[in-house]
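# below are the sequence and a predicted model; questions follow.
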Amino acid sequence: MRCNLRVASLVALLGAGAVSLVATANADEIHALPAPTMDEPAIDRGVPEVAVLAGGCFWGVQGVFQHVDGVESAVSGYAGGARDTANYETVSTGSTGHAESVRITFDPRRISYGRILQIYFSVAHDPTELNRQGPDTGTQYRSAVFPMTPQQAQIATAYIAQLNQTHIFPSPIVTRIEPDRPFYPAEAYHQNYLTLHPNQPYIAINDMPKVAALRQLFANQYRDTPTMVAAAQ
């Protein structure tokens, strides 16, 4: 199922109040998680770092990280498969190995990789859902971390173990660690989708509560004005 196809039937069932009711319910279920006990050391070299994360439809994950202070860019795209299948129509078949992903470029002097992961697991998606997020189903909607370095892989693996040991979630985390996977930017019409279409029913129901949770739970990291993707990216 594609990102935007599930909303019409949901609104038809629940009526005009569907957006506010569902958004409120989703927001009540989101909680801040403890910070990772393992993280990168503070870096003061002024070189941006990249994280690639997948957590369901990329519109919401991108929209969350565009509002995170210290993030310089958040680009929707595909990771996990080959270059020649990195397009929306093919990825939507669920047969390519790709996951809808977001490439997050951040300033490690202002935000750490561990804090990126903390936000990802706290508000960007549900890491206990296997090959889906909500009604969006298929391996292209899986929860996955695509580490850029062995250190990122180590931090992500340790954090998943830490969260599982605390039993914060009612079910085990199913997030996969998938190193050495290239990232391919998505089509231009997918970029900045949440910011450009905040009242679109899918976004209002599923994704705007994530941004609200970010603002509430990570107030010191929240930026009101999102960083936008330029057309060339």
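Cool, the structure landed.
# Provide a list of residues in contact with I155.
P36, M38, D39, E40, Y113, G114, L117 (CB atoms under 8 Å, 6 or more residues apart in numbering). Glycine gets a C-beta too; all of them are placed from N, C-alpha and C.
# any chance of those in CSV, with neighbour count too?
Shown next, in CSV, are these (neighbours: other CB atoms under 10 Å):
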residue, neighbour count
P36, 22
M38, 14
D39, 18
E40, 17
Y113, 25
G114, 19
L117, 26
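# flag the least confident of these.
When the contacts of I155 are compared by pLDDT, E40 scores lowest at 91.
# between the contacts of I155, which is nearest N164?
Using CB to CB, P36 is the member of the contacts of I155 that sits closest to N164, with 12.9 Å.
# you'd agree that closest one is up against A161?
No - using CB atoms under 8 Å, P36 is not in contact with A161, being 10.3 Å away.
# list just the nearest of the contacts of I155 to T90.
L117 (28.9 Å).
# so the closest one: helix, strand or coil?
For L117, the secondary structure call by DSSP: H, G, I helix; E, B strand; the rest coil comes out as helix.
# residue contacts, it?
P36, A51, V145, I155, A156, Y159.
# 6 Å instead, please
Y159 (CB atoms under 6 Å, 6 or more residues apart in numbering).
# the chain: strands as residue ranges?
For the chain, the strands defined by DSSP state E cover 49-55, 71-79, 99-106, 132-133, 136-137, 143-146, 176-177, 183-185.
# which one of those lies closest to F169?
Nearest to F169, of the strands of the chain and by CB to CB, is strand 143-146 at 11.5 Å.
# before we move on, back to that, redo the strands of the chain as a markdown table? Include distance to M228 and mean neighbour count.
Listed next are those as a markdown table, based on distance: least, CB to CB, whole Å; neighbours: other CB atoms under 10 Å:
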| stretch | distance to M228 | mean neighbour count |
| --- | --- | --- |
| strand 49-55 | 18 | 24 |
| strand 71-79 | 9 | 23 |
| strand 99-106 | 13 | 26 |
| strand 132-133 | 24 | 20 |
| strand 136-137 | 24 | 18 |
| strand 143-146 | 23 | 26 |
| strand 176-177 | 29 | 16 |
| strand 183-185 | 14 | 19 |
